[in-house]
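**Q** this one's sequence-less:
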């Protein structure tokens, strides 16, 4: 398995053989996802990624390219669409909050993205994961009536709260939580509450907490923490190998 520093260098020097934006319509609104095909042409499985609160940008595309270099087809779902502005903190907060308050719409948009992902790839097996807001979307799917479409769920510094009236099933695929010990947006109490909820539900889960890592520790900028980013990358790759290569 490649280390994060090695794979990041590859992402900067060579894109996958097939890497492109993919347009699709959801209830009359144009959405634009991103698909990166496995480098060797024979994908070990399909990874569906959900972006953070500012939509798809170079960060998500690079993550997809890196996972494609590891042998997976990867599709980044667009949860916002062309009608939703992003960029400022106010816009990002409004876009993510709208879906947080309308879980039915969130699930509808995710299902449309999953359908599009499966049109791009004929790989067997699927893992759904996301970053920040997107980690919360992945967990939303784990609680949904279409959770059985995935073989695993992953959250990088994601939203962990349990909406009122929802619950986890013991039959859902394994869940991987990768979280920062210094996350002030989703503090350690939120991690503990999630673990209690998953325990009571009889769900299968793994939680890794990286000391001192803030919210968004994988993303470029002031919040980036190399140790947490590297260890979570390696953990997620092990999870993919277990759930897809050997699933």
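**A** Perfect, I can see it now. Given the structure is predicted, the values throughout are model-derived calculations rather than measurements. Numbers count the residues shown, from 1 in each chain.
**Q** Check the gap between residue 91 and residue 54 for me.
**A** According to C-beta to C-beta, to the nearest Å, residue 91 and residue 54 sit 8 Å apart. Yep, even glycine has a C-beta here, placed from its N, CA and C like the rest.
**Q** ok, now residue 44?
**A** Distance from residue 44 to residue 54, by C-beta to C-beta: 30 Å.
**Q** what sits against residue 223?
**A** For residue 223, the contacting residues are 214-217, by C-beta atoms under 8 Å, 6 or more residues apart in numbering.
**Q** pLDDT (mean, whole number) over the longest helix along the chain?
**A** What stands out as the longest helix in the chain, according to DSSP state H, is helix 103-120. Mean pLDDT, helix 103-120: 98.
**Q** contact partners of stretch 98-116?
**A** 22, 24, 26-27, 31, 33, 48, 50, 75, 77-79, 81, 84, 126, 128, 136-137, 140-141, 144, 146, 149, 159, 163, 166.
**Q** Which members of these occur in helices, if any?
**A** Going by DSSP H, the helices hold 136-137, 140-141 from the contacts of stretch 98-116.
**Q** from those, which would you call buried?
**A** Among the ones in helices among the contacts of stretch 98-116, those classed as buried by 16 or more other C-beta atoms under 10 Å are 136-137, 140-141.
**Q** of all those residues, which comes closest to residue 177?
**A** Comparing these against residue 177 with C-beta to C-beta places residue 136 closest, at 11.2 Å.
**Q** For that closest one, give me its contacts.
**A** Here residue 136 is in contact with 100, 130, 155, 158-161 (C-beta under 8 Å, 6+ apart).
**Q** Whichever of those residues end up buried, select them in PyMOL.
**A** Here is the PyMOL selection string for the buried members of the contacts of residue 136, based on 16+ other C-beta under 10 Å:
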select buried, resi 100+130+155+158+159+160
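**Q** Pipe the contacts of residue 136 into TSV and attach distance to residue 188 per row.
**A** Below are these laid out as TSV (distance: C-beta to C-beta, whole Å):
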residue	distance to residue 188
100	21
130	20
155	15
158	14
159	15
160	10
161	14
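**Q** out of the contacts of residue 136, who's nearest residue 68?
**A** residue 130 (17.2 Å).
**Q** Excluding sequence neighbours, find me the nearest residue to the closest one.
**A** residue 50 (3.3 Å; C-beta to C-beta, 6 or more residues apart in numbering).
**Q** one step back: mind putting the contacts of residue 223 into a markdown table with secondary structure, pLDDT and neighbour count?
**A** As requested, the contacts of residue 223 are arranged in a markdown table below (DSSP: H, G, I helix; E, B strand; the rest coil; pLDDT from 0 to 100; neighbours: other C-beta atoms under 10 Å):
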| residue | secondary structure | pLDDT | neighbour count |
| --- | --- | --- | --- |
| 214 | coil | 98 | 18 |
| 215 | coil | 98 | 18 |
| 216 | coil | 97 | 22 |
| 217 | coil | 98 | 25 |
